[in-house]
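Novice: no sequence on this one, just coordinates:
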Ligand SMILES: Nc1ncnc2c1ncn2[C@@H]1O[C@H](COP(=O)(O)OP(=O)(O)O)[C@@H](O)[C@H]1O
Ligand SMILES: [Mg+2]
């Protein structure tokens, strides 16, 4: 419904209903459609509980849709996929492993060859600004640094698609702003197809080509807004008149819609 004729990620009239053990049902997502073109950066914003995480899990093949279809490159998603990297709000790191050893976990799972893995892990740590920190342990890094390591880990097996669920939600405001700029730089260098969930309108506008606004539960895509702001973007982008006008427009959605 949004982008090119055949989007890389095609979410088509997807519904998700959860059933509790007592038999009651909860419709988390209703008739959700969203297209994400290859190499596009799309952000999803919406109130808590509107099914954003559920949608990401379904795209990742970790959850099945109750109705509708999710296709990647034309093929239905029916289980976890190798071409997806996932980043969550709180990076889950193995505390007994160094940062380098954490970043290489996907390579071990996918049995990539050792020499390539070592070279790639080194490059990725440089890319996320952690060159020289590979031999540290997770508890020796700040929250922002751990999240950067999680991004490096998600990119380890060179997935086409990066799904990020409120990746900076646990960070303080200043670190978060710095991480936004860092992610822009990483994306410019890697050009993955990214779907990122955020509560922050500014974060969504700064990062993305399109912002999908979700309605409260049961969630669906209320509107998809194009962000026609030139790249590369920077901190100064926040004062661009288009940015300011779009922020105002997006804010209108949330003041008009009661919280879930
Ligand atoms: N595994 C589950 N079982 C039952 N209900 C669930 C499950 N996962 C999510 N939900 C419910 O589905 C709704 C959407 O959840 P979620 O996708 O986490 O929302 P969001 O990420 O937008 O905050 C919520 O009401 C949540 O309680
Ligand atoms: Mg969520």
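Specialist: Thanks, I have it. Remember, it's a predicted structure, so these values are computed and weren't measured experimentally. Ligands and ions are numbered 1, 2, ... in the order given.
Novice: run through the helices of the protein in chain order.
Specialist: Ranges of helices within the chain are 52-59, 99-103, 105-109, 114-127, 143-155, 173-190, 201-207, 241-256, based on DSSP state H.
Novice: so which of these comes closest to ligand 1?
Specialist: Of all these, it is helix 52-59 that lies closest to ligand 1, at 3.3 Å by Cβ to the nearest ligand atom. C-betas here are computed from N, CA, C, even on glycine.
Novice: ok, that closest one near ligand 1 or not?
Specialist: Yes - shown here: helix 52-59 in contact with ligand 1 (Cβ under 6 Å from any ligand atom) through 52, 53, 54.
Novice: pLDDT and neighbour count for those residues - can I get that in a markdown table?
Specialist: Output for the residues of helix 52-59 next to ligand 1, formatted as a markdown table (pLDDT from 0 to 100; neighbours: other Cβ atoms under 10 Å):
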| residue | pLDDT | neighbour count |
| --- | --- | --- |
| 52 | 94 | 24 |
| 53 | 95 | 18 |
| 54 | 95 | 20 |
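Novice: surely residue 155 meets residue 194?
Specialist: No - counting by Cβ atoms under 8 Å, residue 155 stays clear of residue 194, with 10.9 Å between them.
Novice: overlap in contacts, these two.
Specialist: Taking Cβ atoms under 8 Å, 6 or more residues apart in numbering as the contact rule, the neighbours common to residue 155 and residue 194 are residue 162.
Novice: re earlier: closest one to residue 235 among the helices of the chain?
Specialist: With Cβ to Cβ as the measure, helix 173-190 is the member of those nearest residue 235 (6.5 Å).
Novice: next one: the closest one to chain centre, how far?
Specialist: Mean-position distance between helix 173-190 and its chain equals 13 Å (Cα atoms, centre = their mean, to the nearest Å).
Novice: what angle do that helix and helix 143-155 make?
Specialist: 20 degrees (axes from the mean of the first three to the mean of the last three Cα atoms, to 10 degrees).
Novice: what angle separates helix 173-190 from helix 114-127?
Specialist: If you take the same axes, to 10 degrees, helix 173-190 sits at 130 degrees to helix 114-127.
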